[in-house]
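1. only geometry, no sequence info:
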């Protein structure tokens, strides 16, 4: 969750915090403690069923976003709302049947959200649309069969068996890494974990909010869910062939359409734009204008000088090489700056903590509210997870991975895995501590460290495969442990047992390790994944593969004059990040985000139009009725995303049984 969204969420729930504070001052927490059920009763059958449904829906949606643009917003608010809709519907159905349901508590809501987020997080960060897809033969060919370092033996046939097994081996170990540090990070250091705190505020406010407001949100969600689903169904009839239908409507003319500037009528991305902050969407548009609006038309005029005119533009030695490596340079520049920044903040804070020798304070979090009540700490500690569970679980799963992964992939030696698992607890701690301070999850950067290190160790013959797999190993452990720590913070503030959070995360991880590969193969079998001219470009697959190629081959893989351009964009990303931090906030907040700018460099401009329209809708909504907008925007955005996202299921099934749309709507010059 970015800073703007977090501040907005916390501001929206100030009234809830004040009510909680009054309750605590009146001894209300003692009464709450008496009402809280044991941790085993906080995990309910209806909660697990709801989590599975919500997690599966968002796994499909997240997989589509991964395979199209690579941008996945924070779905916590949407998931909480959808879970509330399911529980309310469940209760009404049972009520009409004469069955009385148990009350829906904040603890059960926390359990559902934790389980659902753990499930769909694997679809986002499990590499199915990035580093694992980078092992596919299609990505190998897209990277250029004659590219130095792109070894003909460096691809794997994707199958649901080994991909599911890989997820189980690398994701579960992350649950055990930081268990011994749970109390230190959440209670002793009092780290904020802004996303976890905002989620807790949302849940506490959700259960104290009036029924009238909740009904308005549910009604708004269902209305826009129906509109989005029916619109996706209607569009399907006109998309008989490639580049057909409303998704290819030349909104600004055919010349702009050729450079990917058009509105593709995707309500998913309009809803995503409503969730993402304005600066993210404007940065995307700025990157699209710089690349597809200015640079690439100029590059085409240099055909025959900078790259051979006889080579197809999709070759890595042609225009596509510039698209990929300029995007990578922006990502690496932004990633390196933030990595150094968060590391410095983390080390400075830890040093200050040790110097003061006072675990009751942390330098950046001096404010205390009702959320810091010591009786909540008592509840959090009362049902602790034994330290030996973390140690035994981590060592056991590390040994299993060191044995099983080399049997699955001969390129990944057992000692590579042991090296990773020796260092990854330190990386996980740094990432969790930094996230607790800044809300920036750097798991993808730690994953790149694993990629570069293991690819270089493995050498040219096996480096690409070993590097991509090691990237997933490090990234998964670091990310899962960080997400669990965020969940612990949420549980601490909603008075949910840590054991409930741990078991819920484990259940969600089991579901996600099964659902995520299934949702990936739903797309992989039904659609043309990796086609640079199609909808499902899978941008991060080619990015991660080229990072691995650079790791084993060096800079010789770059096209002509690309190295100088990469230096420039790398420096530009760092300079912009520095300016954002040193300039006054009223100026710095309008500077573009290099990470967001990088994506349209590779995949085009059309989705940026959709997301900016989402920002425009939010802006106008707040201008008309700010109070109603605050209440309804999450519901409207969730409905738009879920409606079109749910249509993917029948559309995929139709494609699998070879039923194609009957009409191709296309546009030709007069």
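-> Yes, it's here. Since we're looking at a predicted model, the values are computed, not measured. Residues are numbered from 1 along each chain as shown.
2. drop to CA atoms for contacts and neighbour counts, all remaining ones
-> Noted.
3. Look up how far residue 399 lies from residue 393.
-> Distance, residue 393 to residue 399, using CA to CA, to the nearest Å: 10 Å.
4. ignore the last one, residue 523
-> Distance, residue 523 to residue 399, using CA to CA: 33 Å.
5. now residue 384
-> In terms of CA to CA, residue 384 sits 26 Å off from residue 399.
6. same question, residue 270
-> Noted for residue 270: a distance of 45 Å to residue 399, by CA to CA.
7. ok, now residue 568?
-> Remark: distance between residue 568 and residue 399 (CA to CA) = 44 Å.
8. again, but for residue 238
-> Counting by CA to CA, the separation of residue 238 from residue 399 is 53 Å.
9. how about the spatially closest residue to residue 154 that is not a sequence neighbour, what does it touch?
-> Nearest non-adjacent residue to residue 154, counting by CA to CA, 6 or more residues apart in numbering: residue 465, 5.7 Å away. Contact analysis of residue 465 by CA atoms under 8 Å, 6 or more residues apart in numbering lists 135, 154, 155, 411, 412, 455.
10. can you pull the contacts of the fifth one?
-> Taking CA under 8 Å, 6+ apart as the definition of contact, the neighbours of residue 412 are 405, 406, 465, 466, 469, 470.
11. any idea which element the fourth one lies in?
-> Secondary-structure element containing residue 466, defined by DSSP states H and E: helix 443-493.
12. low-confidence ranges in the chain?
-> 1-35, 209-211, 353-375, 555-558 (pLDDT under 70).
13. all strands of it, in order?
-> Taking DSSP state E as the criterion, the chain carries no strands.
14. Comparing residue 238 and residue 399, which shows the higher neighbour count?
-> residue 238 (19 against 14; other CA atoms under 10 Å).
15. show me what contacts that one?
-> By CA under 8 Å, 6+ apart, the neighbours of residue 238 are 244, 245, 246, 661, 662, 663, 664, 665.
16. can I get those residues in a markdown table with distance to residue 36?
-> Supplementary listing: these in a markdown table, determined by distance: CA to CA, whole Å:
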| residue | distance to residue 36 |
| --- | --- |
| 244 | 56 |
| 245 | 54 |
| 246 | 52 |
| 661 | 54 |
| 662 | 57 |
| 663 | 58 |
| 664 | 59 |
| 665 | 59 |
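17. closest to residue 278 among those?
-> Residue 278 lies nearest to residue 246 out of those, by CA to CA, at 25.5 Å.
18. Correct me if wrong: the closest one contacts residue 265.
-> Yes: using CA atoms under 8 Å, residue 246 is in contact with residue 265, at 6.4 Å.
19. From residue 385, how far off is residue 130?
-> 34 Å.
20. higher neighbour count, these two?
-> Of the pair residue 130 and residue 385, residue 130 is the one with more neighbours under other CA under 10 Å, namely 24 against 16.
21. Now for the closest residue to residue 494 other than its chain neighbours: which residues touch it?
-> Counting by CA to CA, 6+ apart, residue 200 is the residue found nearest to residue 494 once chain neighbours are left out, at 5.9 Å. Applying CA under 8 Å, 6+ apart, we find residue 200 in contact with 110, 490, 491, 493, 494.
22. cool, residue 318 as well?
-> By CA under 8 Å, 6+ apart, residue 318 lies in contact with 307, 308, 311, 312, 559.
23. closest to residue 169 among those residues?
-> Distances from residue 169 to these, taken by CA to CA, are shortest for residue 559, at 37.4 Å.
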